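S.K.: Okay, sequence plus prediction incoming.
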Amino acid sequence: MAQKNNFIRRYWRLLKGRSSVPMGIVAAFCFVAGIIFWYGFNWTMAVTNTEAFCIGCHEMKDNVYPSYTKSIHYSNRSGVRAVCSDCHVPHEMVDKIVRKIQASKEVWGKITGKINTPEKFAEHRLSMAQREWQRFKANDSLECRNCHDQAFMNFDKQGAPGVFMHKEMLKTGKFTCVDCHKGIAHVLPEIEQLDEIAPDTLEPTMRPPYNHSQMTLE
């Protein structure tokens, strides 16, 4: 212990002295440590955003992944594919970190066995879906808009419901993507009075329930 204290005192005297060498060593060490930390941080972010990581537990792989593989976000004529993180993790760094912290609750659900069977997962599926819908609603469906921009949509290639709602969005800004687009990548949970999840102004002939699987694959 005495030798350690003597080393600290000698090093402190060097720092207080006129020599710039010790400060240079400290600066170099901090610089290298910063690079290592930043690389490790970004590597961790990248790994936890991969599809393999997202379906690494059977709760996701066995319950929501199969319906996703049948959706247009998984396979389509253009070959543009949206993986789990494209829709469920914000792209901006601060929001991404917040979302990762929130995901710890989902990890806790796995550890405690809260959703470890198909029956338990189905029991909590609506609440989990509603939490995501609320998040999309709060950020104006930002993850959708990272790829889709209604300003460049070709309305001639859309059905009547899409044309009506997308023009309303452009004109009023009152609605957001998730108001209508629920169940486009996953089978919808059981919801009583499904038509109430659509905007009030949606014409009666355009209200849910739609055949989401058919609409998704068009």
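M.R.: On my side now, so go ahead. Numbers count the residues shown, from 1 in each chain.
S.K.: Below-threshold pLDDT in this structure: ranges please.
M.R.: 1-5, 7-8, 10-23, 191-218 (pLDDT under 70).
S.K.: Determine the longest helix present in it.
M.R.: When the chain is parsed with DSSP state H, its longest helix is helix 21-47.
S.K.: In terms of secondary structure, what does that helix contact?
M.R.: helix 2-16 (3 or more Cβ pairs under 8 Å, 6 or more residues apart in numbering; DSSP states H and E). In short, each C-beta sits where N, CA and C put it, glycine included.
S.K.: hmm, 6 Å instead?
M.R.: In terms of contacts (3 or more Cβ pairs under 6 Å, 6 or more residues apart in numbering; DSSP states H and E), helix 21-47 is not packed against any helix or strand.
S.K.: Beyond that helix, next helix or strand please.
M.R.: The C-terminal neighbour of helix 21-47 among helices and strands, as given by DSSP states H and E, is helix 51-54.
S.K.: need the next SSE after that next one, C-terminal direction.
M.R.: helix 58-63.
S.K.: Quick one: distance of that next one to the chain centre.
M.R.: Distance, stretch centre to chain centre, for helix 58-63: 17 Å (Cα atoms, centre = their mean, to the nearest Å).
S.K.: and after that helix, which helix or strand comes next?
M.R.: Following helix 58-63 in sequence, per DSSP H and E, is helix 65-68.
S.K.: List the buried residues of that following helix.
M.R.: Residues Tyr65, Ser67, Tyr68 are the ones in helix 65-68 that count as buried (16 or more other Cβ atoms under 10 Å).
S.K.: Export only the CA atoms of that helix, formatted as PDB.
M.R.: Taking C-alpha atoms only, helix 65-68 is exported to PDB below (Å, rounded to 0.1, in the frame of the first residue of the first chain):
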ATOM      1  CA  TYR A  65     -41.700 -13.400 -36.700                       C
ATOM      2  CA  PRO A  66     -43.800 -15.900 -38.700                       C
ATOM      3  CA  SER A  67     -46.400 -13.300 -39.700                       C
ATOM      4  CA  TYR A  68     -43.700 -10.700 -40.500                       C
END
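S.K.: contacts for it?
M.R.: Ile55, Tyr74, Ala185, His186, Val187 (Cβ atoms under 6 Å, 6 or more residues apart in numbering).
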